[in-house]
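Student: quick one, fold the following:
(one chain, ligands or ions: 1)
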Amino acid sequence: MTKILIATLVASALGWAGAPAVRAQDEPPASTPEQLDVIDKGTDTIDVSKYPKEQQENYKVFSEKCSKCHTIARPINSSYALPEEWTAYVNKMRHKKRSGIDEEAQKTITSFLVYDSSVRKKDLIEKKLKDKAGADKKDAPKTDEKAK
Ligand code: HEC
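Tutor: Numbering: from 1, shown residues only. The predicted structure is shown next:
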């Protein structure tokens with residue numbers, strides 16, 4: 001009897017944990033409150049003067065829409081850089097209550113962030129791709145060095 005009860009509890013716990021885990025897989029790992037504090041106090045502008053005209057326009061949409069609930073410094077200094085990271089995360093932000101972000105703005109902002117990362121976060125993207133490729137190999141070299 002007890003065994004059955006435990007089995008049922010475990011199964012339902014797994015069921016509960018399973019549902020949100022599917023979505024969380026697409027999202028990059030969240031920062032701790034301490035990390036967010038540092039990120040929020042970082043730079044709050046991007047020099048887009050050398051970006052293509054279209055991305056300069058997209059930057060305006062990004063600046064307006066993504067500064068509603070937190071400082072614009074948060075996405076600017078984020079460690080997200082890969083296209084799939086931005087796609088998943090902008091989608092998450094769009095679905096927050098009263099985000100004010102529609103599908104069109106979501107596309108515009110994702111395009112900007114992916115382009116911007118390809119310019120400002122080239123090294124980080126390389127590192128992330130390397131880490132991804134080496135994730136399966138047990139003896140993958142540790143990449144703890146700060147890329148500064
Ligand atoms: C409706 C409010 C709201 C809007 C609009 C919003 N955010 Fe957020 N954002 C949050 C909240 C709340 C968090 C804290 C984490 C959470 O609750 O998901 C957050 C966290 C973040 C983080 C930190 C993630 C981490 O853990 O490192 C980034 C990056 C981010 N937002 C980017 C954006 C971008 C890009 C946009 C514009 C597309 C945006 N946000 C628009 C509410 C918002």
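Student: only C-alpha atoms from now on, for both contacts and neighbour counts.
Tutor: OK.
Student: enumerate the residues of this structure near the ligand.
Tutor: Proximity of the chain to the ligand is assessed by C-alpha under 6 Å from any ligand atom, with 30-31, 65-66, 68-69, 74-75, 78, 90, 93, 96-99 identified as the residues in range.
Student: of those, which belong to helices?
Tutor: The members of the residues of the chain next to the ligand that map onto helices under DSSP state H are 65, 74-75, 90, 93.
Student: pick the one among the residues you listed closest to Val119.
Tutor: Proximity to Val119 was ranked across those by C-alpha to C-alpha; first place goes to Pro75, at 15.0 Å.
Student: quick one: contacts for that closest one?
Tutor: Shown in contact with Pro75 (C-alpha atoms under 8 Å, 6 or more residues apart in numbering): Cys66.
Student: buried subset of the residues of the chain next to the ligand?
Tutor: When burial is judged by neighbour count using 16 or more other C-alpha atoms under 10 Å, the buried members of the residues of the chain next to the ligand are 65-66, 74-75, 90, 93.
Student: residue contacts, Lys96?
Tutor: The contact partners of Lys96, taken as C-alpha under 8 Å, 6+ apart, number zero.
Student: returning to what we had before: how about the buried ones among the residues of the chain next to the ligand in CSV, adding pLDDT?
Tutor: Rendered in CSV, the data for these read as follows (pLDDT from 0 to 100):
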residue, pLDDT
Lys65, 98
Cys66, 98
Arg74, 98
Pro75, 98
Val90, 97
Met93, 97
